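Q: Next input, structure requested:
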Amino acid sequence: MLLYPSKTIKRKFPENYKEGELDFCRPEFEYDTKNAQLLTFKKCYVRFNGYLYDSNYNIVEAALIDIDKYRPTSLFIRYKKLILKPKRRLARNQTYLLAFDEWSGNHYHWITEVLPRLIVVADQLPGYILLLPDMPYVRNVGVKLMEYAGLKPLGIEWIQQKEIVKVPELKLITSVILSGRIHDDLMKQVQNRFLSLPQLAQAPPARRRIYITRANATNRRVLNEDEVVAVLKQYNFDVVAFEGLSIDEQMQLANSASIMVAIHGAGLANAIFMQSNTAVLEFRRDKVYHNQCYWHLSSSVGQKFYYLFGQPDSDNVIEGLDACNLTIPIKQLQLTIAQMIKDEQANDAVKDNG
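A: You can find the predicted model right below:
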């Protein structure tokens, strides 16, 4: 069943875009979303990583986040680790819903991929038992974000690590977008649900300027952070660390920010909680076609997005356990922040006059 047809997204360029600077990621300028479908399966199997197998133990490609990255196993391994392995049978008188994949236990992927899939079936959700992986993030943060977005299933069935569950009747809501890209229509619906919460809807206008530090991280750090912070403090930025804060504290902190600055990382996913007419600056590396997700996210909800290339300390991408670190060019940082504040003041003047 087709629930939400594919559409073409034409991405607005960053506010400080210079012609040719993003040519290495030209496929991100315009792309298509996916057809969101609701598929039905009988007597199927689901694993902790979201892999779905039909009644004959064949992988269901529609449940994979990226078929090109799926590595088929040999018949022997498949027989040993899948067919012979004990399975937990779920109740026959319920219909279960699968809307997660192997990357869903992450703040960015939960907000931009799982929640939009649930938005598509929001009206039907009270009739389903939602399958979820039993992971700390999903239990402690993901479910709370579902509740805040008004996405309430009939119940939740938790899948344990290394467990396979046998499902008598399953509905699969297929992914709505290639991971790393954003479905603008659905992302705006997710944001509207958050911003309508009393604690955010009744908040004062955003006035804070915040810098998200990763000083305590082992990778993806700003190597000259002392210099960066010294510049930002000249413009009244507060230095904050999201790790250790509850999701409620993160939501309120992001909602209070008129400008958010950070190196590429999950903290920037909190831009979804920012008010309208706000701005984001992402520190990132140049000339590597990888993930443009925070540009897509900010643009999808109408924020002004800026970028600043840092000098990487390795050839690695800026994601994963071996992510590179960056040295930020201080002069260019000063110019970029000055432009952001000038744009902010111009926007305030328009609001005051109209």
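Q: Please settle this for me: is residue 248 part of a helix?
A: Yes: Residue 248 forms part of a helix when assessed by DSSP: H, G, I helix; E, B strand; the rest coil.
Q: which residues touch the closest residue to it other than its chain neighbours?
A: In space, and not counting its chain neighbours, residue 248 is closest to residue 199: 7.6 Å by Cβ to Cβ, 6 or more residues apart in numbering. Quick note: C-beta positions are derived from backbone N, CA and C, even for glycine. Going by Cβ atoms under 8 Å, 6 or more residues apart in numbering, residue 199 touches 248, 251, 252.
Q: now residue 339
A: With Cβ under 8 Å, 6+ apart, residue 339 has these contacts: 15, 16, 306.
Q: In the residues you listed, which residue is surrounded by the most others?
A: Compared across the contacts of residue 339, residue 306 has the highest neighbour count, 22 neighbours, by other Cβ atoms under 10 Å.
Q: Which strand residues bridge it?
A: residue 281 (DSSP bridges).
Q: and the longest helix for the protein?
A: As assigned by DSSP state H, the longest helix anywhere in the chain is helix 330-353.
Q: can you give me how far it is from the chain middle?
A: Put simply, helix 330-353 sits 27 Å off its chain's centre (Cα atoms, centre = their mean, to the nearest Å).
Q: Can I get that helix in PDB? Just the C-alpha atoms.
A: Below are the C-alpha coordinates for helix 330-353, written out as PDB (Å, rounded to 0.1, in the frame of the first residue of the first chain):
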ATOM      1  CA  ILE A 330      40.100  31.600  12.900                       C
ATOM      2  CA  LYS A 331      39.900  34.500  10.400                       C
ATOM      3  CA  GLN A 332      37.200  32.700   8.400                       C
ATOM      4  CA  LEU A 333      35.300  31.900  11.600                       C
ATOM      5  CA  GLN A 334      35.300  35.600  12.600                       C
ATOM      6  CA  LEU A 335      34.000  36.600   9.100                       C
ATOM      7  CA  THR A 336      31.300  33.800   9.200                       C
ATOM      8  CA  ILE A 337      30.000  34.700  12.700                       C
ATOM      9  CA  ALA A 338      29.900  38.400  11.800                       C
ATOM     10  CA  GLN A 339      27.800  37.500   8.700                       C
ATOM     11  CA  MET A 340      25.500  35.400  10.800                       C
ATOM     12  CA  ILE A 341      24.900  38.100  13.300                       C
ATOM     13  CA  LYS A 342      24.400  40.700  10.600                       C
ATOM     14  CA  ASP A 343      21.800  38.400   9.000                       C
ATOM     15  CA  GLU A 344      20.200  37.900  12.300                       C
ATOM     16  CA  GLN A 345      19.900  41.600  13.000                       C
ATOM     17  CA  ALA A 346      18.500  42.200   9.500                       C
ATOM     18  CA  ASN A 347      15.900  39.500  10.200                       C
ATOM     19  CA  ASP A 348      15.000  41.100  13.500                       C
ATOM     20  CA  ALA A 349      14.600  44.500  11.900                       C
ATOM     21  CA  VAL A 350      12.100  43.000   9.300                       C
ATOM     22  CA  LYS A 351      10.100  41.400  12.100                       C
ATOM     23  CA  ASP A 352      10.000  44.700  14.100                       C
ATOM     24  CA  ASN A 353       8.800  46.600  11.100                       C
END
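Q: and the residue found closest to residue 266 once you drop the neighbours it is linked to in the chain, what is it in contact with?
A: Computed as Cβ to Cβ, 6+ apart, the closest residue to residue 266 that is not its neighbour in sequence is residue 107, at 4.2 Å. With contact taken as Cβ under 8 Å, 6+ apart, residue 107 is in contact with 137, 141, 266, 269, 270.
Q: Any idea how many residues pack against the last one?
A: Spelled out, it's residue 270. Counted with other Cβ under 10 Å, residue 270 comes out at 25.
Q: Find me the pLDDT at the nearest residue to it once chain neighbours are set aside, would you?
A: Nearest residue to residue 270 in three dimensions, chain neighbours excluded: residue 254, at 4.0 Å (Cβ to Cβ, 6+ apart). Looking at residue 254, its pLDDT is 97.
Q: Tell me the helices and strands packed up against the helix or strand harbouring residue 254.
A: In this assignment (DSSP states H and E), residue 254 forms part of helix 247-255. Under the contact criterion of 3 or more Cβ pairs under 8 Å, 6 or more residues apart in numbering; DSSP states H and E, helix 247-255 touches helix 198-201.
Q: which element follows the helix it packs on toward the C-terminus?
A: That would be, after helix 198-201 and using DSSP H and E, strand 208-212.
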